[in-house]
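**Q** got a structure for you, letters missing:
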């Protein structure tokens, strides 16, 4: 695997080049080649001309057209750091500029639903029909009984509430909530938008069960849809009854709606880092509480035993909630140990409550203040600050990961088989062209002018990083070629020297051999001249 990643890095580096040797030249152009990231471009354009009879071939082509598949694989395999490469970061930024219109449309659509739901809840459950709990003391009058018989949808106690009288805590509340045209329009719009969102969630669920059910946002979405249905359950008529369980469902639904609105805002790069900080702190808080849960449970049970007369410690769930509130400094020391008259009686002496074990109560309370309120809370704050500092250092990488995940989810939705079948060819082709950064094989590369202030498609810091990368590669290439030329010259010189040495040795050998042959010949001639055969007679 490491050699594959090394090869990927080399491919990414080779895709960033400059057309001019001098990077400070105003005419210098930075070239980004996205062939290392996107495979098989142009298939969507080809598939748009296919007929309905070739649906299978068309779907296969569109599945290959997801441009963020390679980046998603890098995230899943743990090589997230490669997303900060200038080529990949440039691709993500340009891709986001291409598809952000879809996210704006989704945000506006969802914000419309949240605002309509908020207006409906406030108008119905706060202004017109607020929930008030009273004790029921007297019987109904004749006029109230007569009105009760006419309104079969409400119980007698509901009519008492209509008269401003006492009502049971679980009785339905009679209300004229649909007497205005505005509320009726809001009611119909809420139902319409809820149906569209339900169909969208079912569609995403059918695309992939595993990826759908591991995302907490989808669970929150279904919870919101259920609470909206429970909240707007009365039909749009002039007189309705609001049940007891509709008020908590309205409160839960409005809270979940605005939480999901915050998640929608977090998909945008400028605000995503703050949402990521909140999620990180929540995760750390969960781990922190899990580690010290035994200590908190022990204090909660001990408070139940020591303070039985205090209502907040009467049961274990109430005691746990009170313990959590005491963690942040809401100790209520005087209300636990002293009377309500500022802790003093009429004679001026301090009057204590009737505690069975005052010494043990003080020791236990003091231990809670030291170990939980002071030590644990300061430790939690320190861990949160440390994590936020580390998160700020890796904010750039986290932003790229969030953008990649959001764009990948959008591509999975737009290029899905089911949507491809439902939409007409023209609409599907338009959506794919609008979402693709490399729609055809003729648009592999993108050119940028680093020294031109009018070119604002990419951030200047990213342009400088890519320019430094391309310049360093060219410089290293020159150095490599220079090293190769020097190495070749050395080889030639070494070979020449060897051949010169060889020739010199051969010349020496030839001279030596010639000298020896000449000496031998001269000796033979001398011997012949000395021999009697060649001497003259006297």
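**A** Sure, I can see it. In this text, all values refer to a predicted model and were calculated from it rather than measured experimentally.

**Q** Could I get the contacting residues of residue 71?
**A** Neighbouring residues of residue 71 by C-beta atoms under 8 Å, 6 or more residues apart in numbering: 37, 83, 88, 91-92, 404, 408. Every C-beta, even on glycine, is put in place using the N, C-alpha and C of the backbone.

**Q** who wins for neighbours among those residues?
**A** Counting neighbours by other C-beta atoms under 10 Å, the top entry in the contacts of residue 71 is residue 91, with 26 neighbours.

**Q** picking that back up, in TSV: the contacts of residue 71, plus secondary structure and distance to residue 17.
**A** Shown next, in TSV, are these (DSSP: H, G, I helix; E, B strand; the rest coil; distance: C-beta to C-beta, whole Å):
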residue	secondary structure	distance to residue 17
37	coil	15
83	helix	21
88	helix	16
91	helix	16
92	helix	20
404	helix	24
408	helix	28
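
**Q** ok now stretch 268-278, how far from the chain's centre?
**A** 9 Å (C-alpha atoms, centre = their mean, to the nearest Å).

**Q** neighbouring contacts of it?
**A** Applying C-beta under 8 Å, 6+ apart, the contact partners of stretch 268-278 are 96, 100, 103, 262-263, 265-266, 388, 391-392, 395, 398-399, 402-403.

**Q** now it: mean pLDDT?
**A** For stretch 268-278, mean pLDDT is 83.

**Q** list the buried ones in that stretch?
**A** For stretch 268-278, a neighbour-count test (16 or more other C-beta atoms under 10 Å) marks 268-269, 272-273, 275-277 as buried.

**Q** Could you do stretch 202-212 as well?
**A** The neighbour-count check on stretch 202-212 (16+ other C-beta under 10 Å) flags 204, 207 as buried.

**Q** quick one: the helices in the stretch 351-500 of the chain?
**A** In order along the chain, the stretch 351-500 of the chain carries the following helices (DSSP state H, counting those that start in this stretch): 358-368, 377-393, 395-414, 417-422, 425-435, 460-530.

**Q** ok, so of the contacts of residue 71, who is nearest residue 252?
**A** Closest to residue 252 out of the contacts of residue 71 is residue 408 (31.0 Å), distances taken as C-beta to C-beta.

**Q** Would you map the strands across the protein?
**A** For the chain, strands defined by DSSP state E occupy the ranges 16-18, 30-33, 173-175, 240-242, 445-448.

**Q** Can I get the buried residues of stretch 268-278 in CSV including distance to residue 356?
**A** Shown next, in CSV, are the buried residues of stretch 268-278 (distance: C-beta to C-beta, whole Å):
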residue, distance to residue 356
268, 58
269, 60
272, 55
273, 53
275, 49
276, 50
277, 47
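
**Q** of the residues you listed, closest to residue 463?
**A** Within those, distances to residue 463 taken as C-beta to C-beta reach their minimum at residue 269, with 17.4 Å.

**Q** From residue 29, how far out is the closest one?
**A** Distance of residue 269 to residue 29, computed by C-beta to C-beta, to the nearest Å: 26 Å.

**Q** shaky segments in the stretch 51-200 of the chain?
**A** Within the stretch 51-200 of the chain, the segments meeting pLDDT under 70 span 51-65, 132-179.

**Q** Who are the contact partners of the residue nearest the centre of the chain?
**A** Residue closest to the mean C-alpha point of the chain, counted by C-alpha atoms, centre = their mean, is residue 402 at 3.2 Å. Remark: with contacts taken as C-beta under 8 Å, 6+ apart, residue 402 is in contact with 266-267, 269, 272, 276.

**Q** ok, the residues you listed vs residue 118, which is closest?
**A** The shortest approach to residue 118 among the contacts of residue 402 belongs to residue 266, at 19.6 Å (C-beta to C-beta).

**Q** Neighbours of that closest one, how many?
**A** Using other C-beta under 10 Å, residue 266 has 18 other residues around it.

**Q** so who does it touch?
**A** With contacts defined as C-beta under 8 Å, 6+ apart, residue 266 is in contact with 272, 274-276, 402.

**Q** Dihedrals phi and psi, it?
**A** Here is the backbone geometry of residue 266 (degrees, to the nearest 10): phi -70, psi -10.

**Q** May I see the contacts of residue 71 arranged in CSV, with distance to residue 472 as well?
**A** Compiled in CSV, these are given as follows (distance: C-beta to C-beta, whole Å):
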residue, distance to residue 472
37, 21
83, 20
88, 18
91, 20
92, 22
404, 26
408, 31
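
**Q** Tell me where the stretch 1-150 of the chain has helices.
**A** Secondary structure of the stretch 1-150 of the chain (DSSP H, counting those that start in this stretch): helices located at 2-14, 43-47, 55-63, 69-76, 86-121, 142-150.

**Q** Would you point to the one among the helices of the stretch 351-500 of the chain that's packed deepest?
**A** Each of the helices of the stretch 351-500 of the chain was given a mean neighbour count from mean count of other C-beta atoms under 10 Å, and the largest, a mean of 19, is that of helix 395-414.

**Q** between that one and helix 86-121, how many degrees?
**A** With axes from the mean of the first three to the mean of the last three C-alpha atoms, to 10 degrees as the criterion, the two stretches helix 395-414 and helix 86-121 enclose an angle of 70 degrees.

**Q** What angle do helix 425-435 and helix 395-414 make with each other?
**A** For helix 395-414 and helix 425-435, the angle between their directions (the same axes, to 10 degrees) works out to 170 degrees.

**Q** Begin at 41, not 1, for the rest of this chat.
**A** I'll keep to 41 as the first residue from here, and by that count the last item is helix 435-454.

**Q** Next, the angle helix 109-116 makes with helix 435-454.
**A** What separates the directions of helix 435-454 and helix 109-116 is an angle of 130 degrees, with the same axes, to 10 degrees.

**Q** Just give me how far helix 435-454 sits from the chain centre.
**A** 7 Å.

**Q** so where is the stretch 241-390 of the chain shaky, pLDDT-wise?
**A** Scanning the stretch 241-390 of the chain with the threshold set as pLDDT under 70 gives 275-280, 379-390.

**Q** if you set the cut-off to 90 instead, what comes out?
**A** Low-confidence regions of the stretch 241-390 of the chain, defined by pLDDT under 90, span residues 241-258, 271-287, 306-331, 346-354, 364-365, 367-390.

**Q** Show me where the stretch 191-340 of the chain has its helices.
**A** Assigned by DSSP H, counting those that start in this stretch, the helices in the stretch 191-340 of the chain fall at 196-202, 221-247, 249-253, 256-271, 286-305, 309-331, 333-346.

**Q** closest to residue 460 out of the ones you listed?
**A** Distances from residue 460 to each of those were compared using C-beta to C-beta; the shortest belongs to helix 221-247, at 11.7 Å.

**Q** mind listing what's buried in that closest one?
**A** Residues 223, 226-227, 230, 233-234, 237, 244, 247 are the ones in helix 221-247 that count as buried (16+ other C-beta under 10 Å).
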